[in-house]
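**Q** the sequence and its predicted three-dimensional model are supplied below.
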Amino acid sequence: MKLFKPTLVAVALVSVLGCQQETKQAEVVEVKLETEQQKQAYSLGASIGMYMERNLAEQEKLGLNLDRELIVTGFLESLEGKSKIEQEEIQTLLMALDQETKVKQQELAEKAAQDSLAEGQKFLEENAKKEGVMVTDSGIQYQILTPAEGEKPAATDTVKVHYKGTFLNGETFDSSYDRGQPAVFPLNRVIRGWTEGVQLMSVGSKYKFTIPSDLAYGPMGNPPRIPGNSVLEFEIELLEIQKPEPVAEVGEHPAS
């Protein structure tokens, strides 16, 4: 977020101009959007305004409340060559703001990870007591939603599955069902909880897994979607096992 770039300083003006107008009770000018060029100009302003508004909102969540009217003033005065702060100092100040933002974000992420760890441990303890829930030696909890008999995959196999992943609050963060297409992947190329859990399944079965954070994405999570120390739940339907092709020996013809 290098706000010293001129384009992003202009963004600040667009996003907060309305606030300045309300504060100063400026005369409202009717915007004409009749020609294609007028609409393009307005769309450009609206786009960068919404972008900057999101940035300012995120900073406010971190406790960094910038005076929006001062942002506008700084922009207008610089256009007239009357900036009260020299360019070098502006760059230094905004680099410091960028660093402060990163520190606040890191602090917030660490707190969220600690809260998530405590919440996850409590949930696992209670969930393990529910009827039908089984627990592996590693701590994976699972329920058989649709039983099936037959072949089970090995860690080296490639599997075809439908799945839905949710947080403990029920919010879906990933779903092959929503995409309308099953996922295909080598079983040893995914999180440990999947590698171990799917090996329990037979083709045609459907399981619900509750995976501890250390068998999922751990303390770091998988930014920006999955916070650190997240216990994750998956409903997985094993559709197919795809065995690796045998390596042909020297001189052997594929059709022989």
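**A** That came through fine.
**Q** burial check on L117, number of neighbours?
**A** Close neighbours of L117, defined as other C-beta atoms under 10 Å, add up to 17. Quick note: C-beta positions are derived from backbone N, CA and C, even for glycine.
**Q** can you check the pLDDT for the closest residue to it other than its chain neighbours?
**A** Spatially, and ignoring its direct neighbours in sequence, L117 is nearest to N229 (3.9 Å; C-beta to C-beta, 6 or more residues apart in numbering). The confidence metric pLDDT takes the value 91 at N229.
**Q** wait, N229 touches S213, no?
**A** Yes. The criterion here is C-beta atoms under 8 Å, and N229 meets it with S213 at 4.5 Å.
**Q** which residues do the two both contact?
**A** 116-117, 120, 219 (C-beta atoms under 8 Å, 6 or more residues apart in numbering).
**Q** out of the residues you listed, which comes closest to E151?
**A** G120 (32.9 Å; C-beta to C-beta).
**Q** what about that closest one, helix or strand, and which?
**A** Assessed by DSSP states H and E, G120 sits inside helix 87-127.
**Q** for E151, same thing?
**A** Counting by DSSP H and E, there is no helix or strand that carries E151.
**Q** where do the helices of the protein begin and end?
**A** Here the chain has its helices, by DSSP state H, at 6-24, 36-61, 68-79, 87-127, 176-179, 192-198.
**Q** tabulate the ones you listed (a markdown table), appending mean pLDDT and distance to Q141.
**A** Converted to a markdown table, those look like this (pLDDT from 0 to 100; distance: least, C-beta to C-beta, whole Å):
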| stretch | mean pLDDT | distance to Q141 |
| --- | --- | --- |
| helix 6-24 | 45 | 47 |
| helix 36-61 | 83 | 34 |
| helix 68-79 | 78 | 49 |
| helix 87-127 | 87 | 6 |
| helix 176-179 | 96 | 22 |
| helix 192-198 | 96 | 10 |
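**Q** figure out the length between the terminal residues of stretch 82-93.
**A** By C-alpha to C-alpha, to the nearest Å, the extent of stretch 82-93 from end to end equals 18 Å.
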